[in-house]
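**Q** After the sequence you'll find the predicted model.
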There are 2 protein chains.
Amino acid sequence: MDKTKLLKELRNKGYKVTPQRQEIIEVLSEREGHQSAEEVHKRICSHYPAMGLDTVYRNLALLRNLNIVSEINFGGKNRYELNRDGDGHSHHLICLGCGVSQKLDFCPLDYFDWNKVLKKDFKVKNHRFEIFGYCSHCIQIEENEGEGEE
Amino acid sequence: MDKTKLLKELRNKGYKVTPQRQEIIEVLSEREGHQSAEEVHKRICSHYPAMGLDTVYRNLALLRNLNIVSEINFGGKNRYELNRDGDGHSHHLICLGCGVSQKLDFCPLDYFDWNKVLKKDFKVKNHRFEIFGYCSHCIQIEENEGEGEE
DNA sequence: CACCCAATTAGGAAACATTCTTAATTACTA
DNA sequence: TAGTAATTAAGAATGTTTCCTAATTGGGTG
């Protein structure tokens, strides 16, 4: 979905098309993977210093609710990505080193035996599936660090 | 795995068996589902008011690193659960209303085509799979709230 | 049993991401 | 072009988690 279309969709739904929103959508569409609110804010500020961090959060939440971006949480913060395909639903392979993510062509729910769940009268709202690890660039760094945890 | 065994394991690995650690393990073993650090702290404080919240966090992190408890994140906070089975690896069906979780007898990785991933030279460290929704008790509450988000 | 010392603790301060509050500004409609 | 509700910036506030420091304590050793 391209930027112009998204802005039109916003206007149709009664939301104002502000320069801030345009900037956020622009920055999201420039990159493939996930970006944190802080990253989005920083990148916009480099040429639009008046941008407020709160505005970034507020609009990312709006776009998430409109199913225009998807949000995932790792490393203690939320990250956002434009839904480029239709259903706004995807899973990722994520590098713990550099944070780069790669879309997976796989959804566990396609293989899940729903009879076991539906029997329990559970109303499914959403799900999460992510694989974490280290990409080829970050493997060496990780090996040097070793098991430096508690 | 029972409590006495866990305490013995801690001692064998060179960690001290403090009353605080015993309390934390006790509280975790009393309930099936996930508990937040704050919940654990509150429950301990009810009969052991000197317990520090920081101590709860510190020890939950220790137990997580020792693979004795597993940590999942939802609703903006981490929650912890004792690993009662062997490998310390499980997935859950989680109610967004009451937070009660139910273990799933399913792991997506068993159905995942690893050739696609390994080809990319990616070192897998861990993964996440959870299904969120509303349990039979919370469905009605959720329906009354409607789509009150934006 | 008494001693010792590294591990552990409580408490408060700090860090961190995120949300709220408020008054001012602005996009869109008529 | 004016009116108005939505949106904004800025900083304050919130909530979770971690860090710091001095005091305490578990458990091995003599």
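**A** Received it, and whenever you're ready, just let me know what you need.
**Q** Residue ranges in chain A under the pLDDT threshold?
**A** A:1, A:86-88, A:118-119, A:141-150 (pLDDT under 70).
**Q** again, only this time at 50
**A** Scanning chain A for pLDDT under 50 picks out the ranges A:146-150.
**Q** Strand partners (parallel or antiparallel) of the lengthiest strand in it?
**A** Assignment by DSSP state E gives strand A:123-134 as the longest strand of chain A. Applying DSSP bridges to the sheet, strand A:123-134 is found paired with strand A:91-95 (parallel), strand B:123-134 (antiparallel).
**Q** Could you pull out the buried residues of that strand?
**A** A:123, A:127, A:128, A:129, A:130, A:131, A:132, A:133, A:134 (16 or more other C-beta atoms under 10 Å in any protein chain shown). Where C-beta positions appear, they are placed from N, C-alpha and C, glycine not excepted.
**Q** Stretch A:89-97 now?
**A** A:90, A:91, A:92, A:93, A:94, A:95, A:96, A:97.
**Q** List the contacts of stretch A:128-138.
**A** A:72, A:74, A:91-98, A:100, A:104, A:107-108, A:141-142, B:108-109, B:117, B:120-130, B:132 (C-beta atoms under 8 Å, 6 or more residues apart in numbering or on different chains).
**Q** if we go to 7 Å?
**A** A:72, A:74, A:91-98, A:100, A:108, A:142, B:108, B:121-130 (C-beta atoms under 7 Å, 6 or more residues apart in numbering or on different chains).
**Q** One more: stretch A:43-58?
**A** A:20, A:23, A:24, A:27, A:37, A:40, A:41.
**Q** switch to 10 Å and redo it
**A** A:18-21, A:23-24, A:26-28, A:30-31, A:35-42, A:78, A:80 (C-beta atoms under 10 Å, 6 or more residues apart in numbering or on different chains).
**Q** Filter the residues you listed down to the buried ones and express that as a PyMOL selection.
**A** This is the PyMOL syntax for the buried subset of the contacts of stretch A:43-58, where burial follows 16+ other C-beta under 10 Å:
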select buried, chain A and resi 20+21+23+24+27+28+35+36+37+39+40+41+78+80
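**Q** in chain A, which spans are helices?
**A** A:3-12, A:19-30, A:37-45, A:53-65, A:114-118, A:139-145 (DSSP state H).
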